[in-house]
Every structure is written in structure tokens, then in C-alpha cells.
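Engineer: With the input below, show me the fold.
(chains A, B, C and D)
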2 protein chains.
Amino acid sequence: MVHLRWPAERRRRERLRQEGRPRLLLLESGIAPPALGDCLEDWVRLPADDGDIEARAGELLARSRHHFGVIPTLESGVLRVGESWVPLSPLEAQLTAVLLERMDAVVSRETLARAGWPGGTNPRNTLDVHVARLRRRLETVGLAIRTVRSRGYLLELSGSRQQGAHEA
Amino acid sequence: MVHLRWPAERRRRERLRQEGRPRLLLLESGIAPPALGDCLEDWVRLPADDGDIEARAGELLARSRHHFGVIPTLESGVLRVGESWVPLSPLEAQLTAVLLERMDAVVSRETLARAGWPGGTNPRNTLDVHVARLRRRLETVGLAIRTVRSRGYLLELSGSRQQGAHEA
DNA sequence: CGCGATCGTTCACGCCGGGGAAACAGCTCG
DNA sequence: CGAGCTGTTTCCCCGGCGTGAACGATCGCG
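Structural biologist: Numbers count the residues shown, from 1 in each chain, chains lettered A, B, ... in the order given. Prediction:
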């Protein structure tokens, strides 16, 4: 996150934009706000409260993370999401792999069942149980498995905008 | 684009957020900026220059347009509008599909009835009830079903102007 | 002008089935 | 041997759906 003065550091701003880095413009008083180049930019009019500047910087950072998207990766039983990670059991890894490659889309329980138990035979509830367990595990790294009733499941980052989403 | 006062209109803000509509918070002085829910929100500390408010509103609008083409899509029981989505039951999905492909146009209740109950059998206020429920569900993602009396229903983005307000 | 008839909305109830959670048991592997 | 995986059973909650009835807004007619 870079703070820079506007319009004094105009060239620097341009460079940062090309590099795709988030930047916060500190507006000298009396200057009109510039048109923002992209989602990774914001401005604060001076003089400003430190808290406000802090807040904008934080939002910008969060937005940039959201914008670039966190891409979970699964490799030899370890699921990484940003900084954090969890070990997955073989079966859980199977299921997660399928959910992952259809991230943000619905995966039918049937597909999941085939992924986890190619041999086929297992009682109705087995999948439910494993999904429940997987759920608990994934939420520790900020992933959520949503149920789409009578359709299947959907994997997404848990901050996402669903109707049930709760946050401060 | 909605301007609202913070923290006074806290509930309104929450509703708008769930509907995925852009909103600008006008911060009473002395209040700390709230954590932003998503890319469609911003704030200005009062008292503020009109130009600054204008600028932020403009950016927000641009960002929101950039962020979604606002074209609702329905796929495997999931209705997406911009960043938000809702799971729909099979029946609701049927109805929504019809409304969606005639978006912004009136769909007769008869058509809807046939879409939801191809077996034909189902007079009564069953349809009404399902429309009511569907309404509640859709408003969480910023869609609205308007009634056109003795004609049918009409699906539109809830940001649109109310019927009854005939414009010049 | 008022009064039903008509149309639409919403609430409350009940049934049904999908899906969730806990608890237990066998298994595997270090 | 103990801990973590996995399968299975059982119980039950809650969401989806249909129905009935009360409520409310319009409209038309005398």
C-alpha cells in the first residue's frame, strides 16, 4: 500500500498504476479529486484524520485482495488459501479437488459422490457426513461450502455475498 | 446510487448491501468509518465539500457499472446478480426462468402457471403464494417482481423507478 | 357516493423429504 | 497402542410446497 501526494507525485502515481499496485492519494486542500484510474486507487482530502486515512488504506488493501482474488490451491493433501492452510485427508482431498475446480459453481452431490467413491456403493448419508466434516475444516481457512438444496454444493470464499452472509 | 447517513441509517445500509446496490455513507463527524462491506460502498466524512461528495458518488457508480453488467443469470438453481446470489428451489427456478427471459416485460400469470405446473393441474392461489415467496427471495439480490393488475407480473432491477411515478 | 364483487397479498398451518449432526464402530498407520 | 480416517445408523430440524382464510385495494354498478 502506497501513500502519495497529489498532484505533487503525479508521475509516481502513474507508475504505480501501471504496475497494478494499490495506491492512496493524499489530496492537497483546494485541489479537485482526480478521476480514479481503477479499483486499486482511492483518495483522501487533506487535512484528514489519521484514523480516516488508515481506514481508507485498509479498505483499499482489502479491495485489492478481493480484486485479485485469493486462489486456493490443493497439493499433496495440503490446501492453501492465502496465508493459511489445512491438511486434508485423502478422501477430503478428493472432494475438495472437485469443488475447487468448479469453484463458485454448483457441484451436484452425485458428482461429488462419484469423485469420492468411484466404486459407487455407499449409503445415502455418507456424503453428507463427509461434507459436514469438510465444512468444519475448510472454514478455518476462510472457505465455505454452501448448500443449494436439491442441487448440490458450492464452494466459495466465506466473505462472499450470499443472502445469509453475516458480518459487522 | 443511494446516499445515506451513518450511523443513523444503519438498517437501510444493511438492506442495500444485501441487495447489492451501491451506497454512499455520509459520516457524521466524530464517528469512525465503518468497515466497508464490498466494492459498492464508500463513505465521506461530514462536513464535506459538495464536489467531493459528487466525486465519490461518481466513482462509486462507475465502479459498480464496471463491476457488474447487472445481467441476472440463472443456472443450476442459483440466481446470480452482480456479486450476490441466491439458491432457488426447483419450482422457484422454473418461475424465475420465465420472468427472466421476459425481463422488464409483463408475464401473464397464466404463462407463469404453465411454467411452474406443466401438468396443468393447479388452480387456486398457489401461484400467488409462490410469487410472494419468490418476491422475498429475489429482493435479497436486488430484483423486484412488480404486479401489473389483471395482466401479470414483471421482473426488474429494484433500483428502477416505481410504477405509478409516470415520468415526463 | 357507497357497496359488493373481484383480484391480489399475506399469514398460519401441516405434510413431506432432503439434508445436518451426533454417536458409535471398524480400520489404518505411525 | 493411540490417534486420526472412514463408514453407518439414528434422530430431527428445517426448507419446499400446498391449502385455507383473512385482509386490502380496485373497479364497477346501482
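
Engineer: Enumerate the residues of chain A near DNA strand D.
Structural biologist: A:87, A:89-92, A:116-117, A:122-123, A:125-126, A:129-130, A:133, A:149-150 (C-beta under 7 Å from any atom of the strand). To be clear about C-beta, it is placed using only N, CA and C from the backbone, and glycine gets the same treatment.

Engineer: Filter these down to just the buried residues.
Structural biologist: Neighbour counting by 16 or more other C-beta atoms under 10 Å in any protein chain shown classes A:Glu92, A:Gly116, A:His130 among those as buried.

Engineer: Looking at these, which are in helices?
Structural biologist: Mapping these onto helices (DSSP state H) picks out A:Glu92, A:Gly116, A:His130.

Engineer: Outline the domain layout of chain A.
Structural biologist: A:2-68, A:73-157 (automatic domain parsing).

Engineer: Tabulate the ones you listed (JSON lines), appending mean pLDDT.
Structural biologist: Formatted as JSON lines, the domains of chain A follow (pLDDT from 0 to 100):
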{"stretch": "domain A:2-68", "mean pLDDT": "87"}
{"stretch": "domain A:73-157", "mean pLDDT": "93"}
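
Engineer: Among these, which comes closest to B:Ser64?
Structural biologist: domain A:2-68 (10.9 Å; C-beta to C-beta).

Engineer: circling back to that earlier point, from the ones in helices among the buried ones among the residues of chain A next to DNA strand D, which is closest to B:Met1?
Structural biologist: Once C-beta to C-beta is applied, the member of those that ends up nearest B:Met1 is A:Glu92, at 44.4 Å.

Engineer: That closest one is in contact with A:His130, isn't it?
Structural biologist: Yes. Contact criterion C-beta atoms under 8 Å: A:Glu92 and A:His130 qualify, at 7.0 Å.

Engineer: Disregarding residues adjacent in the polypeptide, which is nearest to A:Cys16?
Structural biologist: Check again: residue A:16 is Leu, not Cys. A:Arg23 (4.7 Å; C-beta to C-beta, 6 or more residues apart in numbering or on different chains).

Engineer: what sits against that neighbour?
Structural biologist: Counting by C-beta atoms under 8 Å, 6 or more residues apart in numbering or on different chains, A:Arg23 makes contact with A:Met1, A:Val2, A:His3, A:Leu4, A:Arg13, A:Leu16, A:Arg17, A:Leu40, A:Glu41, A:Leu60.

Engineer: next one: A:Asp104
Structural biologist: A:Asp104 touches A:Leu154, A:Leu155, A:Glu156, counting by C-beta under 8 Å, 6+ apart.

Engineer: ok, and of the residues you listed, which contact chain B?
Structural biologist: With the criterion set as C-beta under 8 Å from any C-beta of the partner chain, the members of these near chain B are A:Leu154.

Engineer: Tell me which of the contacts of A:Asp104 fall in strands.
Structural biologist: Mapping the contacts of A:Asp104 onto strands (DSSP state E) picks out A:Leu154, A:Leu155, A:Glu156.

Engineer: Run a quick neighbour tally on the residue of chain A found nearest DNA strand C.
Structural biologist: In chain A, the residue that lies nearest DNA strand C is A:Ala132 (3.6 Å; C-beta to the nearest atom of the strand). The number of residues packed around A:Ala132, counting by other C-beta atoms under 10 Å in any protein chain shown, is 11.

Engineer: Restricting to C-alpha, output the helix or strand that contains it in CSV.
Structural biologist: Secondary structure from DSSP states H and E places A:Ala132 in helix A:125-139. This file holds the C-alpha atoms of helix A:125-139, laid out as CSV (Å, rounded to 0.1, in the frame of the first residue of the first chain):
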residue,chain,number,x,y,z
ASN,A,125,-25.7,-40.4,4.3
THR,A,126,-22.0,-40.9,3.8
LEU,A,127,-21.6,-38.0,1.6
ASP,A,128,-23.5,-35.7,4.0
VAL,A,129,-21.3,-36.6,6.8
HIS,A,130,-18.1,-36.0,4.9
VAL,A,131,-19.3,-32.7,3.6
ALA,A,132,-20.1,-31.7,7.2
ARG,A,133,-16.7,-32.6,8.3
LEU,A,134,-15.1,-31.0,5.4
ARG,A,135,-17.1,-27.9,6.1
ARG,A,136,-15.7,-27.6,9.5
ARG,A,137,-12.2,-28.0,8.2
LEU,A,138,-12.5,-25.5,5.4
GLU,A,139,-14.0,-22.7,7.4
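
Engineer: In contact with the residue nearest to the spatial centre of chain A, which residues?
Structural biologist: Of all residues in chain A, the one closest to the mean position by C-alpha atoms, centre = their mean is A:Val70, 4.5 Å from it. By C-beta under 8 Å, 6+ apart, the contact set of A:Val70 is A:Val81, A:Gly82, A:Gly142, A:Leu157.
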